[in-house]
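Trainee: could you work out the structure for the sequence below:
(3 chains)
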Amino acid sequence: MSKWHFVTDGFIKNNPTFVLVLGMCPTLATTTSAMNGLEMGLATMFVLILSNIVISLIAPVVPDKVRIPVYITVIATFVTVLQLLMQAFTPAVYETLGLFIPLIVVNCIVLGRAEGFANKHGVVESALDGLGVGLGFTASLTVIGIVREILGSGAVFGWKFIPGDGILAFVMAPGAFLVLGFLMVLFNKYLAKK
Amino acid sequence: MEYFLIIISAIFVNNILLAQFLGICPFLGVSNKLSTATGMSGAVCFVITLATVVTYLLNQYLLVPFGLEFLQTIAFILVIAALVQMVEIVLKKISPSLYQALGIFLPLITTNCAVLGVAITVVTKQFAFGGAAPHMLNLAQAVVYAFATSLGYGLAMCLFAGLREHLAGNDVPKAFKGLPIALITVGIMAMAFLGFSGIV
Amino acid sequence: MAAKSTLVNMALCLTAVCLICSAVVGGAYAVTADPIAEAAKAKTTASIARVLPAFSAEPEAGNVELDGTEYTYYNVPGAGCAIISAVSGFGGVLTLMVGITADGTIHNTAVLSHSETPGLGAKCTSDEHFMAQFRGFDPAAKTLAVKKDGGDLDAITASTITSRAYALAVANAVAVFNKLKEEGGRAHE
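Mentor: Residues are numbered from 1 along each chain as shown, chains lettered A, B, ... in the order given. Have a look, this model is predicted:
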């Protein structure tokens, strides 16, 4: 009996971006480059794992009617801690991602996993689930970031291999929707084949 | 004049959905039908404006004087959650018909990042309109900005719902069905909205 | 499964959660307060180093008001003065740091934050020809405006509005510098 399927589930079967379609705002807004997507994914994973762990621990003693406010408070606490840590140690990243760091609080993935998984499972499973979903989210954001960076600025992770400007629409708002739409088509094709 | 610029900027140039990517989840979730889209837009409009007033005052008179700005995230989200609950209860009592129209959307709004996003933006970001020197918004400007932003939300939402009703009847390739074609449609809409950039 | 809800345990639970969370956030704040202040200071010092000649003295921060706008400046003894100047650009606020040496010429400029269009206005951070024009610019001898407006600066191709805003921000900084110099002169008399 291995618990690893909790991690792998988050990657493909419950992929937060392409299957569950949750947390669309940071997915679209912060993926202007591969690096930004990766950083946003990791920041979300940090909150996701910690909130999953704490919520799975406290769920049995929290009265049912106040569980949502309690979960939101727990999540908001971790987000604030993350904000402080990022301001202290990675100020440049904090500046790039800007508003979308505090907005992790209202990322439906985090509350969704708390309500849909962590409050019914043990600590280890919840931590692994947080890791899996977090990794799935990070991978999706990085892939979208890579595609947008290649098309929009002819580079990957800042390494430029096509000279010139690239198709600028892809680093701007419309490109985000288009790339996500077409990637979702590919993901659907892949799932249909399986 | 400045209020006019704030309104144009918030509705068209920096449209909250198409340029700032806030509140996308409900946007994709409830835009299948024009009637639900209008209901959601109404509820969002109400909550964003109210939440911005409350959080602005909270920030100005409680957090800033005590140097507690780092608590913005946690304080704002709790205030918004409580506010949404209260609006729900009050609405149920005083206007059952309005509650019927907006009620089912209210619980969804707590986790609509547009609400928290606007609340945080108006207290942390400097704004510049029509060549004027950049400055923080005062309460009246914040309210106008929040209201206009939510109008922009409603505009994009209703336009998109209208398009989506037509899309539903069209024969699109199987892998494109549902969200992918919807996202591509929004992408083209966002391109159209790019045309507004720079007008204020 | 979840405990049954009664008024007492709901109130207790919420109080306990709030207390613990406040303790965690307060603790995190206490631990990170110094690194955050240091990071902010390092960033400012790095920006100042970009716009002024090499210096060893500690920059002194100050605020000054000009035409109803508050400007932050950093006076660096022996190097000059770095002034933060924000204007309305094409896509939002454009914030620059402008370094002016004691003789009144501009040493260099740096963009601190902007929301200009990628590939067009955003070139104000990368267009070497545009940025080089400001190095060694003497506002007393030349006019800080784009050529279209009768000044001496080449605008970035297809981004006149951004270029205008950039020139305006630098011109405002020069005005602030002149005001500071006047006040400083009076203070020394």
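
Trainee: longest single helix anywhere in chain C?
Mentor: Longest helix in chain C by number of residues (criterion: DSSP state H): helix C:7-51.

Trainee: likewise chain A?
Mentor: Taking residue count as the measure and DSSP H as the definition, the longest helix of chain A comes out as helix A:123-153.

Trainee: repeat that for chain B.
Mentor: Taking DSSP H as the criterion, chain B has its longest helix at helix B:139-168.

Trainee: and the contacts of the helix or strand just after it?
Mentor: Following helix B:139-168 in sequence order, the next helix or strand is helix B:179-194 (DSSP states H and E). Judged by C-beta atoms under 8 Å, 6 or more residues apart in numbering or on different chains, the contacts made with helix B:179-194 from elsewhere in the structure are A:21, A:169, A:172-178, A:180-182, A:184-185, A:188, B:12, B:15, B:18-19, B:28, B:31, B:156, B:159-160, B:163-164, B:167, B:172, B:176. (Each C-beta comes from the backbone N, C-alpha and C, glycine too.)

Trainee: which residues of chain C lie near chain B?
Mentor: Within chain C, the positions near chain B by C-beta under 8 Å from any C-beta of the partner chain are C:21, C:25, C:29, C:67-69, C:86-93, C:95, C:117, C:161.

Trainee: buried only: go through the residues you listed for me.
Mentor: Among the residues of chain C next to chain B, the ones that count as buried by 16 or more other C-beta atoms under 10 Å in any protein chain shown are C:21, C:25, C:29, C:69, C:86-93, C:95, C:117, C:161.

Trainee: narrow those to those in helices?
Mentor: When these are checked against helices (DSSP H), the matches are C:Cys21, C:Val25, C:Tyr29, C:Ile161.

Trainee: ok, of those residues, which one's closest to A:Ile162?
Mentor: When those are ranked by distance to A:Ile162 (C-beta to C-beta), C:Ile161 comes first, at 28.1 Å.

Trainee: so the closest one is in contact with C:Gly91, correct?
Mentor: No: proximity of C:Ile161 to C:Gly91 does not meet the contact threshold set by C-beta atoms under 8 Å, at 9.3 Å.

Trainee: joint contacts of those two?
Mentor: With contacts taken as C-beta under 8 Å, 6+ apart, the residues that reach both C:Ile161 and C:Gly91 are B:Gly198, C:Gly121.

Trainee: and the longest helix of chain B, which residues are buried?
Mentor: By 16+ other C-beta under 10 Å, the buried positions in helix B:139-168 come out as B:141-161, B:163-164, B:167.

Trainee: can you pull the contacts of the residue nearest the centre of chain C?
Mentor: Using C-alpha atoms, centre = their mean, the residue of chain C that lies closest to the mean C-alpha position is C:Ile84, 4.3 Å off. The neighbours of C:Ile84, taking C-beta under 8 Å, 6+ apart as the test, are C:Tyr71, C:Thr72, C:Tyr73, C:Thr95, C:Leu96, C:Met97, C:Leu112.

Trainee: and those residues, which of them are in strands?
Mentor: The subset of these located in strands under the criterion DSSP state E comprises C:Tyr71, C:Thr72, C:Tyr73, C:Thr95, C:Leu96, C:Met97, C:Leu112.

Trainee: for these, give me TSV that also has distance to chain A and pLDDT.
Mentor: Putting those into TSV (distance: C-beta to the nearest C-beta, whole Å; pLDDT from 0 to 100) gives the following:
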residue	distance to chain A	pLDDT
C:Tyr71	21	90
C:Thr72	17	91
C:Tyr73	22	91
C:Thr95	12	92
C:Leu96	16	92
C:Met97	15	93
C:Leu112	10	91
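
Trainee: and these, which are buried?
Mentor: Buried positions within the ones in strands among the contacts of C:Ile84, assessed by neighbour count (16+ other C-beta under 10 Å), are C:Tyr71, C:Thr72, C:Tyr73, C:Thr95, C:Leu96, C:Met97.

Trainee: the closest residue to chain C within chain B: neighbour count?
Mentor: Taking C-beta to the nearest C-beta as the measure, the point where chain B comes nearest chain C is B:Ala128, at 3.1 Å. Counted with other C-beta atoms under 10 Å in any protein chain shown, residues neighbouring B:Ala128 total 22.

Trainee: for the one 10 residues further on, same thing?
Mentor: Using other C-beta under 10 Å, B:Asn138 has 11 neighbouring residues.

Trainee: next up, phi/psi of it, please.
Mentor: Phi and psi for B:Asn138, reported as degrees, to the nearest 10, are phi -90, psi 180.

Trainee: and it, what does it touch?
Mentor: Applying C-beta under 8 Å, 6+ apart, we find B:Asn138 in contact with no residue.

Trainee: any idea how far C:Val174 is from it?
Mentor: In this structure, B:Asn138 lies at 29 Å from C:Val174, with C-beta to C-beta, to the nearest Å as the measure.

Trainee: need the contact partners of the lowest-mean-pLDDT helix or strand in chain A.
Mentor: When the helices and strands of chain A are scored by mean pLDDT, DSSP states H and E, helix A:5-11 comes last with a mean of 79. Helix A:5-11 is contacted by residues A:Pro16, A:Glu125, A:Leu128, A:Asp129, A:Leu131, A:Gly132, A:Val133, A:Gly134, A:Leu135, A:Gly136, A:Ala139 when judged by C-beta under 8 Å, 6+ apart.
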